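Enquirer: my questions concern the predicted model and sequence given below.
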Amino acid sequence: MNQNRYQECSRCGAPGTTVMLPTGPICYRCRRHFAYHPHICPECFELRPVAYPSVSSPNVLVCATCAGETSVFACAECGREDHPYGAERCARCILAERLTALLTDPTTGRLHPELQSLYDELLTTPRPQSVITWLKKPPATGARLLALMAKGELPINHDTFRRLPADRSHNYLRELLTSTGVLPPYYPPIEQIERWLIDLLDPLDPDSTAMISRYAHWHHLRRLRSLAERGKLNKSVIYAARANINGAVRLALWASMHETTLDMLTQTQLEHYLAEYPGGRNSQQTFIAWLRRTRTNTRINIPWRGQTTPEVVVSDADRWNQISQLLHDAATPLYVRIGGLFTLLFAQPLETIIAMRADQITLEHNGRVLVTFDTIPIEMPPGLDSLLRCYLAKRGTPSIVSREHGWLFPGRHPGRHLVRETFRGHLVAVGIKPGYSRHAAMYSLAGEVPAPVLAELIGVANKTAVKWAALAGRDWSEYVTQRDT
């Protein structure tokens, strides 16, 4: 690199230039501008720093290769011009050096074998600058723990993280190790409930603690694990499980105050409790049913309420106004517009939308865009098809890992999809309440599409489709006979 510290920059006029170009010396700030703002070279059509006069047309600026020059923007180690970072080396080379030093086992002088997959993933990330920032940004929990793991001072397993604080930085590293295959899969919400349960049961007597612990682990946590393995674990079922366990603890405390126990509770006492806490009926039903099913207490019962009819409070005109808003509102994030339109047009719940896979979208050569919500591909209408093509063309991975996990809407935590609240918050901010809007979409679809077809198209149960058809005043019973014949 030619040093020209006492000349003026030929581009901005600032004193103290750093490198010499054929067009004249340039300062550090201008060199950084060229490196960080590449353009399409007019001769080779590649995205590179364009700062050299063309051989054929001196008034046209091209890249160093087309000008026959040695690039001053190239990394001194690998020769690449992308990912500028240091004065002479690129971000990827700097990251390789730091990861090697961090993940090397000092006893062998080689990368720790269990951390090799993490090294490979981080080194091939689309933005190595982000990994460098994560490693050094305070409190630098990731770098500190990885160094201890590489030295063998900290076991590389989930038990290590169970003994550490369950804060944001520790959880992020744990999910990073899981997503790169260093650790086996785990389910954070379930482990959070297990930790929460220990403190929740502390005020109870030993018998009540043992009983509610069995109820929590064998009824709720077992069900949550089953849902997680099928990819259907969401906030709604997690909150419901917490509420039911909380309800069981409140009932146990009430029984203790009235000098009785859960296994000796009578129906009269249960009704007195419900009279004192009328809001506890819903959170107690599952627990009371479990007590009866396990023969712990068969003297008490809470009858199950019948299913309520869903309410439709958004008119069809308002729904179409919301559709138009999402189709044309460029200020709203693109993924939010697409998810909102899935709800407004195809009655998809947010829990289903966030867990969609990229392979559920099919781009055909004739221009059609197909989305498979359940088993049958549905052609997307004009407008939404363009949004999907645009989104898929630049869909990135917000986390620092490079591995593609297949989510249509990847989240910021490695290997995870976006959370429901992210979608809902954006939609509510623009005046769209997704729950009410989905009811309006279901009502409209149930009146236009036969219930058996609707169930297959949007992935709802047959009885759900029939219930909505009845609400919409449509009887599709003859359709089934006609289709069979």
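Expert: That came through, no problem.

Enquirer: for the chain, which strand is longest?
Expert: In the chain, taking DSSP state E as the definition, the longest strand is strand 15-21.

Enquirer: so what does it touch, helix or strand wise?
Expert: strand 4-8, strand 24-27, helix 28-36 (3 or more Cβ pairs under 8 Å, 6 or more residues apart in numbering; DSSP states H and E). No exception for glycine: its C-beta is placed from N, CA and C like everyone else's.

Enquirer: sketch out the low-pLDDT regions of the stretch 1-150 of the chain for me.
Expert: Low-confidence segments of the stretch 1-150 of the chain (pLDDT under 70): 1-6.

Enquirer: where along it do the strands fall?
Expert: 4-8, 15-21, 24-27, 39-40, 47-48, 52-53, 61-62, 104-105, 110-111 (DSSP state E, counting those that start in this stretch).

Enquirer: quick revisit: may I have the longest strand of the chain exported as CSV, CA atoms only?
Expert: Only the C-alpha atoms of strand 15-21 are listed here, as CSV (Å, rounded to 0.1, in the frame of the first residue of the first chain):
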residue,chain,number,x,y,z
PRO,A,15,-5.2,16.3,4.1
GLY,A,16,-3.5,13.0,5.1
THR,A,17,-4.1,10.6,2.3
THR,A,18,-3.4,6.8,2.7
VAL,A,19,-3.4,5.2,-0.7
MET,A,20,-2.7,6.2,-4.3
LEU,A,21,-5.1,5.5,-7.1
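
Enquirer: return the distance of it from the chain's centre.
Expert: Distance of strand 15-21 from its chain centroid, counting by Cα atoms, centre = their mean, to the nearest Å, is 46 Å.

Enquirer: select the longest helix from the chain.
Expert: helix 235-257 (DSSP state H).

Enquirer: show me the contact partners of that one.
Expert: By Cβ atoms under 8 Å, 6 or more residues apart in numbering, the list of residues contacting helix 235-257 from outside reads 189, 193, 196-197, 200-201, 203-205, 208, 211-212, 215-216, 220-221, 223-224, 227, 261-262, 265, 269, 273, 276-277, 280, 282-284, 286-287, 351, 419-421.

Enquirer: so how far is residue 177 from residue 102?
Expert: Remark: distance between residue 102 and residue 177 (Cβ to Cβ, to the nearest Å) = 14 Å.

Enquirer: of the two, which one has the most company?
Expert: residue 177 (27 against 20; other Cβ atoms under 10 Å).

Enquirer: flag every buried residue along whatever helix or strand the more buried one lives in.
Expert: Using DSSP states H and E, residue 177 falls within helix 168-179. Judged by neighbour count (16 or more other Cβ atoms under 10 Å), helix 168-179 contains these buried residues: 169, 170, 171, 172, 173, 174, 175, 176, 177, 178, 179.

Enquirer: which one of those is nearest residue 393?
Expert: Ranked by distance to residue 393 (Cβ to Cβ), those are led by residue 179 at 24.1 Å.
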